[in-house]
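[1] All I have is the shape, not the residue letters:
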């Protein structure tokens, strides 16, 4: 009986959550630009390469430089758009992916920096770094990279 | 400890030491601290970095604290001796440290303590520790105590925040066999190979042994004087197909458990070889996740003295499940699975020979570092319970209620 009650309560909560989804208004996400260190010889990169790099499945650029991906915080709409378009996953599934990796001892996620300026500064300092920032951010001195 | 695992079906009840009385005070203290930890963890908590990034002293630290609640019905105690009245003996605490010594070389370790019914009792242990060197993306090696890649989710069997279910489908991922399935001590070779148009595959091959405590439960006719695993090896091949989000995998594990048992003044040596395999399929697209796995476990037992400990021929168990999950909103995910277990494929009739488990699950992410889960199981059959277990007054499975339910709630804080 207690289990049946619990199921009834659970079903009600599911319905409430579905309602919140139906009435939710999606907001457009901001445009981003991918940035790399100016010494990086590549001019464009395949989407799959970036996906594997940000999930740390691959660790080397074609010239054997170590890839150093850097993320914006998970609350950032720029990160959400980048994640959905380049990683082709939801932000939540990426967070789950990293939880699996962290706590099974496989790897740790890329550093999360708070602002576009922090990401720009990180990429400027590290040769193999790759990041993404809001399209109108100041990226002077860095190289922007096209995605194929 | 041995529970439903095929390695030691006849050692079952002997190795399930009920330590709740001895550990009572410590348990209550830890439960209080666990709940406190869940409530007090700051909402803006992140991984802790000790030392400036890139310096020799920099270490990345992550951790989690979980507290669960189990309630079972129809008189069948499940996982805990008090589950029919509701039990909080369902807690986990983990803390890990990772240090990159060079671009290719990492070390790490995780401390883990749990309380789950009669097992755990908050004895902190090294969950895993390793040295990891990656020669290239397609070739790396790890040495130490490494989590076993078996199926899609074995490595997250004790990581609540990394999955939707509180209990993964117990036919394939029995939580009570954590000692056997979760991690091995030895080495591993791994790699990731991009197949271009054909997708990519990840391989992991390992060999080593298992270490666990030798328990002497009260009332056992035997004393376990020695318990070891002379060999264990296996691997997993995982293919990321060209269809984004579709993965297929095959896992195999071969091992042998050797035990020396003392019965009065006579010693009997027992060998239990086992082979386990599982085929896996997963499809993730947007907010949808579908997965299914099918597994068979083969085991037998050899005995140096059949009068004291009977040998048994090869037994094949069959295990399968199908799971569907959907993220309705960033803070809410729900799903269901059906799990099926036959401990012996030649015996499919009778409640004690089958376990059907239909489960509904919900996960609420309160914020990025705190979640709450609810889960309801409708159980038909008793094969998922422990035979002659002190949890159920040493009753045979055929004497327990054939239809029963389990409700679980769990909250986890992590960083």
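    Right, received. Where do you want to start? Please read these numbers as outputs of a predicted model, since none were measured by experiment.
[2] The one helix or strand residue B:319 maps to pairs with which strands, parallel or anti?
    Here residue B:319 sits within strand B:312-329, counting by DSSP states H and E. Strands adjacent to strand B:312-329 in the sheet, as given by DSSP bridges, are strand B:288-303 (antiparallel), strand B:332-342 (antiparallel).
[3] chain center to that strand, what's the gap?
    13 Å (CA atoms, centre = their mean, to the nearest Å).
[4] what residue ranges in the stretch 51-200 of chain B score low on pLDDT?
    Counting by pLDDT under 70, the stretch 51-200 of chain B has low-confidence residues at B:51-57, B:118-120.
[5] Check whether residue B:133 really touches residue B:140, as I assumed.
    Yes: look at residue B:133 against residue B:140 with CB atoms under 8 Å: they come within range, at 6.5 Å. Using the backbone N, CA and C atoms, a C-beta is placed for each residue, glycine as well.
[6] more crowded one of those two?
    residue B:140 (19 against 15; other CB atoms under 10 Å in any protein chain shown).
[7] gap between that one and residue B:110?
    Separation of residue B:140 from residue B:110 (CB to CB, to the nearest Å): 19 Å.
[8] Endpoint to endpoint, stretch A:60-80 covers what distance?
    25 Å (CA to CA, to the nearest Å).
[9] got it, and stretch A:107-127?
    Using CA to CA, the two ends of stretch A:107-127 sit 21 Å apart.
[10] Give me the residues contacting that stretch.
    By CB atoms under 8 Å, 6 or more residues apart in numbering or on different chains, the surrounding residues in contact with stretch A:107-127 are A:35-37, A:39-40, A:54, A:56, A:65, A:68-74, A:78, A:98, A:101-102, A:129-134, A:137-139, A:141-142, B:46-47, B:53, B:60, B:62, B:98, B:106.
[11] likewise stretch B:138-145?
    B:126-135, B:183-193.
[12] before we move on, what about stretch B:233-240?
    Residues from elsewhere that reach stretch B:233-240 (CB under 8 Å, 6+ apart): B:148-151, B:199-208, B:246-255, B:276, B:280.
[13] Check those for burial and list the buried ones.
    Buried residues within these, counting neighbours by 16 or more other CB atoms under 10 Å in any protein chain shown: B:148-151, B:199-206, B:208, B:246-249, B:251, B:253-255, B:276, B:280.
[14] So which bits of the stretch 151-300 of chain B are right by chain A?
    Residues of the stretch 151-300 of chain B found near chain A (CB under 8 Å from any CB of the partner chain) are B:155-156, B:159, B:161-163, B:192, B:194, B:200, B:202, B:244-245, B:284, B:286-287, B:289.
[15] Just the ones of those residues in strands?
    Among these, the members found in strands (DSSP state E) are B:192, B:194, B:200, B:202, B:284, B:289.
[16] Most widely separated two among those?
    The two members of these with the most space between them (CB to CB) are B:194 and B:289, at 23.8 Å.
[17] So which of these two has more stuff around it?
    residue B:289 (21 against 16).
[18] what bridges to the spatially closest residue to that one that is not a sequence neighbour?
    The shortest distance from residue B:289 to any non-neighbouring residue, by CB to CB, 6 or more residues apart in numbering or on different chains, is to residue B:325 (4.4 Å). Beta bridges link residue B:325 to residue B:289, residue B:335, judged by DSSP bridges.
[19] if I look at residue B:325, how far off is residue B:334?
    With distances taken as CB to CB, residue B:325 is found 7 Å from residue B:334.
[20] got it, and residue B:105?
    In this view, residue B:105 and residue B:334 are 42 Å apart by CB to CB.
[21] Which of those two has more residues huddled nearby?
    Set side by side, residue B:105 and residue B:334 show more neighbours around residue B:334, with 22 against 12, by other CB under 10 Å.
[22] element containing the spatially closest residue to the more buried one that is not a sequence neighbour?
    In this structure, residue B:334 finds its nearest non-sequential neighbour in residue B:362, 4.9 Å apart by CB to CB, 6+ apart. For residue B:362, the host element (DSSP H and E) is strand B:355-367.
[23] Now do the next helix or strand after that strand against strand B:355-367, angle only.
    Going down the chain from strand B:355-367, the next helix or strand is strand B:370-381, by DSSP H and E. Interaxial angle, strand B:370-381 versus strand B:355-367 (axes from the mean of the first three to the mean of the last three CA atoms, to 10 degrees): 170 degrees.
[24] Note down every partner strand of strand B:370-381 and its orientation.
    In the sheet, strand B:370-381 lines up against strand B:355-367 (antiparallel), strand B:403-414 (antiparallel) (DSSP bridges).
[25] now these as JSON lines including mean pLDDT, mean neighbour count and distance to residue B:393?
    JSON lines is the format used below for those (pLDDT from 0 to 100; neighbours: other CB atoms under 10 Å in any protein chain shown; distance: least, CB to CB, whole Å):
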{"stretch": "strand B:355-367", "mean pLDDT": "97", "mean neighbour count": "19", "distance to residue B:393": "20"}
{"stretch": "strand B:403-414", "mean pLDDT": "96", "mean neighbour count": "22", "distance to residue B:393": "15"}
